[in-house]
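predicted model, plus sequence, below.
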Amino acid sequence: MLSRKGFTLLELIIVIAILTILATLLLPMSMNFIKRANEAADLANANLIYTASAIQVATTAGDIDQTYQANADGSSPAFYKEFIGDPWPHPKLSGTASFEVAIQKIGITLPSIKIYRIDGSERQLYVRDQNCFQ
């Protein structure tokens, strides 16, 4: 009787074909998961910056009309170091993007806190009520 060791060439080709089909189906889905995870991280960072900004508005006497971004070395602006630490959060969707905070509190009016995700010439406003960028 012939004893058989190993796999035939046909069996190996079939297994490789099945693995290729599975990889073709799963790769686009995994890329979508990564994109959604990066978007969720950006939303969490924007919410963190918003909360720290609200604390700044509540604890600062007088008027505020300032815009904050990461310092040149990537560290957080002075006030935010206590709440966010270093480095200043950077958006995950793009390696060149950054967050910008614009705060206006003048007199007894309600303060305005706007968080932007900036990537090149594109500015997306963080809408806290809807938890999204527009």
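Looks like it came in fine.

where does pLDDT dip in this protein?
Low-confidence segments of the chain (pLDDT under 70): 1-2.

and the residue nearest the centre of the chain, how far from S98?
Centroid check for the chain by CA atoms, centre = their mean gives D42 as the closest residue, at 2.3 Å. Per CB to CB, to the nearest Å, D42 is found 11 Å from S98. Every residue, glycine included, has its C-beta placed from N, CA and C.

name the residues contacting each of these two.
91, 117 (CB atoms under 8 Å, 6 or more residues apart in numbering).

all helices for this structure, in order.
According to DSSP state H, the chain carries its helices in the segments 9-59, 78-81.

for the first one, name the packing helices and strands.
Identification of packing neighbours for helix 9-59 by 3 or more CB pairs under 8 Å, 6 or more residues apart in numbering; DSSP states H and E yields strand 64-68, helix 78-81, strand 98-105, strand 112-119, strand 122-127, strand 132-133.
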